[in-house]
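Everything below, folded, please.
(chains A, B and C)
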Amino acid sequence: MDSIYNSIIEALIFSSDDPLPTSEIIKAIKEIDGSDIEITPKDVEVSVDYLNERYEDDEKSFIIKRIANGFAFGTKQEYAKYVGFLSSVKSKRRLSQAALETLSIIAYKQPITKPEIENLRGVNSDYMMNTLLEKNLITIKGRAETIGRPLLYVTTDEFLKYFGLHKITDLPKPREVDEIMKDEDFIEEKRKIMMNQIEEVIENEVESGDNDGSTTE
Amino acid sequence: MDSIYNSIIEALIFSSDDPLPTSEIIKAIKEIDGSDIEITPKDVEVSVDYLNERYEDDEKSFIIKRIANGFAFGTKQEYAKYVGFLSSVKSKRRLSQAALETLSIIAYKQPITKPEIENLRGVNSDYMMNTLLEKNLITIKGRAETIGRPLLYVTTDEFLKYFGLHKITDLPKPREVDEIMKDEDFIEEKRKIMMNQIEEVIENEVESGDNDGSTTE
Amino acid sequence: MYNINLNNFEGPLDLLLFFIKRDELDIYDIPISNITAEFMVYLELLEKLDLEIAGDFILMASTLMQIKAKMLLPKEKDERGEEIDPRMDLVNALLEYKRYKEMSEELSIQESQERRIKYRGNFIGDEKRDPDELDTLLKNISVYDLIKAFKSAMEKPPPEQVHNIERFNVTIEEQMADVLNKTDFGKEVSFVELIKGMVEKLRIVVTFIALLELIKMGKIGLKESPEFNNFIIYGTQNG
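Purely as a prediction, here's the structure:
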């Protein structure tokens, strides 16, 4: 096997979204470079071992691992704490879908109590509410006059800043969002009305101007 | 900065599923190794350049790219056809001409309102806006101060990533109107020819590795 | 008759640009009559084939006819007395549109190039260690720890001796509000920090009772501090 296939095998394993089996690697190479290319499963194994030796020599932070009947790149154990920190920060920072849902309910219905939110979402929202409070996206503003006088939640200035809004009334109205969605029927109706209006004008125009007798029908 | 951080920076970028900003790299290192570690954004840049030189020397099939305000590992162009075979590249549909047109207006004039976009394009853009919003290439950011306070649209990091741009300022500059007039046809033709050539190359590559006949359009 | 691919045009401006380019027209001196006629043919073609015509094409048709009509009338003049070309707005719109059309071609090239690159997408092989162990964020503080810290705080000699005796009017409610304020959503304060500057023992006692009350209500939480005999108070607000 030509040594150029080391790099190609590397590229294939790197770019695969799943652990890549030897058979797929061979298939890809034969498909692109021709079925007469001689490459065996053994060749692929040797190539991966060679690549891994190179990564070791070059003190790379990653190697090719054998995972679930295939090959996948992975960072090494030595870097686990750095990598772990990054992923934990990310997972904390990303507003999960549930948090976003809760936040949108508060944003549009504020001031609102926790029981009301939970009623709308149909699930317990303690954790979500705490996350949002911690991130300073919502805050408590007084109590409702209802039984038990539950706390009322509102969004914060931080919330506005995060979403690039000046004031809370700047939030897109549900109606505006609908408007962005294409409403086929509506557009078709509008078209027909406009077409009828202009039809007459066109006819007059064609007759008076470049009158060649062919009018719209 | 200690040279050990080359490997740590490599591991951090390698393991990030989004382009990783310099600030995150510094934060992770300080968090794990102590806030007294001296590491500047400049150090990170130098480190990435050093790593990339090494990948070149070692004939690696991937390098660190500056994209969407951060760093990410990506395959080199030379391996496009092999990588394309593994599906995900070819399955991405290209954006339509109308989508690209709308997107270029938003990219250059952001923040911009829908009426402004429609005025420039001369067509209703509801459907396009919806498509671009769904693809997360644009998003809503606040409202204009003009009458009716229409929503303002901006491009996203996903937009940068999609077009392989590091920062929004990396966009090619639009020509001045006067300039367009001067050499209009010449440039236009040249561009068309270039486009067709690129298209052809890609299509051939995709097709050659793709026997189900579904190609890009 | 030229062959026109009906679906080739993104809008009326695009179609007009096509006419201008095809017939090598001077954009600043568009023969409006011809181009209007061409435009109408196209529009009728669309109608005949029953293709979906956006209202925008129809709108452009009326704009063109308006310009055409104005061209026949005596020219309007601007404030400086110069003649206004009725085609001016259309020309400007065409040029501006062309600008972005060009840019969309640039973007298309970038898109093509970017499609050749694949970013890493499989992270299951990465070794990760949960950094939780690094945090001292542990909730295994008992009331015993609390009392110990309190006792130690009480035993520390106050930094200054104050001799004047005043009516002491600190309430648990006030101290609760103070603590809540200092731990306002996520903010943290250590116990030592909290009682710093409190010279009267009674004030520390009242603050301590306020803390207990808030913990009971679940409005604050405690966690270990790296320092011995101290602890961190943080706001929770889970009602």
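
Let me see the contact set for A:His166.
A:160, B:142-143 (C-beta atoms under 8 Å, 6 or more residues apart in numbering or on different chains). From N, CA and C alone the C-beta is placed, and that goes for glycine too.

Strands of the chain, residue ranges please.
If you meant another chain, say so; for now it's chain A. A:62-67, A:70-75, A:112-113, A:138-143, A:151-155 (DSSP state E).

Not quite, go with chain C.
Listed from the start of the chain, chain C has strands (DSSP E) covering C:188-190, C:220-224, C:231-235.

name the helices or strands packed onto the shortest one?
The one in question is strand C:188-190. Contact partners of strand C:188-190 among helices and strands, from 3 or more C-beta pairs under 8 Å, 6 or more residues apart in numbering or on different chains; DSSP states H and E: strand C:231-235.

hmm, back to that, can you list the strands of chain A in TSV and add mean pLDDT and mean neighbour count?
Shown next, in TSV, are the strands of chain A (pLDDT from 0 to 100; neighbours: other C-beta atoms under 10 Å in any protein chain shown):
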stretch	mean pLDDT	mean neighbour count
strand A:62-67	93	18
strand A:70-75	94	24
strand A:112-113	92	20
strand A:138-143	91	16
strand A:151-155	93	20
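
Can you say which of those is nearest to chain C?
Nearest to chain C among these is strand A:70-75; the distance by C-beta to the nearest C-beta comes to 2.4 Å.

can you list contacts of the closest one?
With contacts defined as C-beta under 8 Å, 6+ apart, strand A:70-75 is touched by A:13-14, A:16, A:18-22, A:24-25, A:48, A:61-65, A:67, A:83, B:11, B:14-15, C:120, C:122-127.

Filter these down to the ones in helices?
Using DSSP state H, the members of these that fall in helices are A:13-14, A:22, A:24-25, A:48, A:83, B:11, B:14-15.

Select only the buried ones of the contacts of strand A:70-75 in PyMOL?
Here is the PyMOL command that selects the buried residues among the contacts of strand A:70-75 (16 or more other C-beta atoms under 10 Å in any protein chain shown):
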select buried, (chain A and resi 13+14+16+19+20+21+22+24+25+48+61+62+63+64+65+67+83) or (chain B and resi 11+14+15) or (chain C and resi 120+122+123+125+126+127)
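
domain assignment for chain C?
Listed domain ranges for chain C are C:1-131, C:135-239 (source: automatic domain parsing).

In chain C, which helix is the longest?
Determined from DSSP H, the single longest helix within chain C is helix C:88-114.

Is that one positioned near chain A?
No. Helix C:88-114 stays clear of chain A (C-beta under 8 Å from any C-beta of the partner chain), getting no nearer than 14.0 Å.

Which elements pack onto that helix?
helix B:97-109, helix B:114-121, helix B:177-182, helix B:184-208, helix C:12-22, helix C:55-72.

Where among these is average confidence lowest?
For the helices and strands packed on helix C:88-114, the weakest mean pLDDT is recorded on helix B:184-208, namely a mean of 50.

And stretch A:100-110, what's buried?
Neighbour counts over stretch A:100-110 (16+ other C-beta under 10 Å) mark A:101-103, A:105-107 as buried.

repeat for stretch C:62-75
For stretch C:62-75, the neighbour count (16+ other C-beta under 10 Å) marks C:63-65, C:67-68, C:70 as buried.

likewise stretch C:107-123?
Buried-residue list, stretch C:107-123, by 16+ other C-beta under 10 Å: C:107-112, C:114-120, C:122-123.

so how far is that stretch from its chain's centroid?
Relative to the centre of its chain, stretch C:107-123 is centred 25 Å away, using C-alpha atoms, centre = their mean, to the nearest Å.

Tell me, what's the model's pLDDT at residue 37?
Assuming you mean chain A. Confidence score, pLDDT, at A:Ile37: 88.

think we crossed wires, I meant chain C
Note on C:Ala37: pLDDT of 91.

Count the residues that sit near it.
Counted with other C-beta atoms under 10 Å in any protein chain shown, residues neighbouring C:Ala37 total 18.

domains in chain A, as residue ranges please.
According to automatic domain parsing, the ranges for chain A are A:4-75, A:98-169, A:174-210.

Between the ones you listed, which one is closest to C:Glu224.
Of all the domains of chain A, it is domain A:98-169 that lies closest to C:Glu224, at 18.7 Å by C-beta to C-beta.

what distance separates the start and the end of the closest one?
End-to-end distance of domain A:98-169 (C-alpha to C-alpha, to the nearest Å): 23 Å.

Might you calculate how far it sits from the centre of the chain?
Distance of domain A:98-169 from the chain centroid (C-alpha atoms, centre = their mean) equals 24 Å.

C:Lys70 reaches C:Pro86, doesn't it?
Yes. The pair C:Lys70 / C:Pro86 is scored as a contact, 3.8 Å apart, by C-beta atoms under 8 Å.

what sits in contact with each of the two?
Taking C-beta under 8 Å, 6+ apart as the criterion, C:Lys70 and C:Pro86 both touch C:Glu76.

Taking chain C, what residue is nearest to chain A?
Scanning chain C for proximity to chain A using C-beta to the nearest C-beta identifies C:Gly125 as nearest, at 2.4 Å.

you'd agree that residue is up against A:Ile67?
Yes. Using C-beta under 8 Å, C:Gly125 makes contact with A:Ile67 at a distance of 5.7 Å.

Now for these two: what residues contact both?
Listed contacts common to C:Gly125 and A:Ile67 are A:19, A:74; contacts here mean C-beta under 8 Å, 6+ apart.

The closest residue to C:Ile195 other than its chain neighbours: neighbouring residues, count only.
Residue nearest to C:Ile195 in three dimensions, not counting chain neighbours: C:Ile204, with 5.1 Å by C-beta to C-beta, 6 or more residues apart in numbering or on different chains. The burial count assigned to C:Ile204 is 21, neighbours taken as other C-beta under 10 Å.

Tell me, how many residues neighbour residue 77?
Went with chain A since none was named. Using other C-beta under 10 Å, A:Gln77 has 11 other residues around it.

if you could check chain C rather than the one you did, that'd help
Per other C-beta under 10 Å, the neighbour tally for C:Lys77 reads 10.
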